[in-house]
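S.K.: have a look at this fold, sequence not included:
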C-alpha cells in the first residue's frame, strides 16, 4: 500500500514504481487515513509530551515565565513537524503522485492535530481551548478525505 493517496488516474497513469501502477484510486476511507500524518504526529506527541512533563508546562506559568529552553524546544518540535511532514511525503512519492497537494493537506492536519493534542507551544502562549481542539482536527480530517487528487 502506498503511503500517499493514489489518484483517480493511477490505473493508467505514468508511475515509475510497480507499487502504485495499475492500482485502483483510493476511496474516501483510504484518503481519510492517508492524509493524517501519523508519523509526524507520533514523533511530535512523544517529544512534546516529554517536554511538557519535564518542564510542567501544563500548569500555571511560573512567576518569571517559562524557561527559555522549554519555549525554544516547543517551537523546534512544532517546526520540525511542520517542515518534516512535506519532506517525508515527498521522499515517499512515486512519479506522478500528487505529493504537493497531499503534503499541503497533511501539513495543515499536523498543525491541527498538534493543537488537538494540547501541544506545548499552545499551552505556553495560553491559546489552547478544549472545545476548538475537539472540533478542528476531526472536522478538517473528515473534510480533507473528500479531496480527490489528480495525477501530476
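M.R.: Arrived safely, thanks for sending. Because the structure is a prediction, the values reported are computed rather than measured.
S.K.: please make it C-alpha for all contacts and neighbour counts, starting now.
M.R.: Noted.
S.K.: find the centremost residue of this protein, please.
M.R.: Taking Cα atoms, centre = their mean, the centroid of the chain lies closest to residue 110, which sits 2.5 Å from it.
S.K.: check contacts around residue 111.
M.R.: For residue 111, the residues meeting the contact criterion (Cα atoms under 8 Å, 6 or more residues apart in numbering) are 78, 82.
S.K.: picking up where we left off before, how close does the residue nearest to the centre of the chain sit to residue 103?
M.R.: Spatial separation of residue 110 from residue 103 under the definition Cα to Cα, to the nearest Å is 10 Å.
S.K.: now do the buried residues in stretch 118-126.
M.R.: Of the residues in stretch 118-126, those scored as buried under the neighbour-count criterion (16 or more other Cα atoms under 10 Å) are 118, 119, 120, 121, 122, 123, 124.
S.K.: compute the first-to-last residue distance for it.
M.R.: The separation between the terminal residues of stretch 118-126, taken as Cα to Cα, is 10 Å.
S.K.: what lies in contact with that stretch?
M.R.: With Cα under 8 Å, 6+ apart as the test, stretch 118-126 has contacts from 45, 48-49, 51-52, 57-58, 61, 66, 71, 74-75, 78, 115, 128, 133.
S.K.: with that, I have no additional questions.
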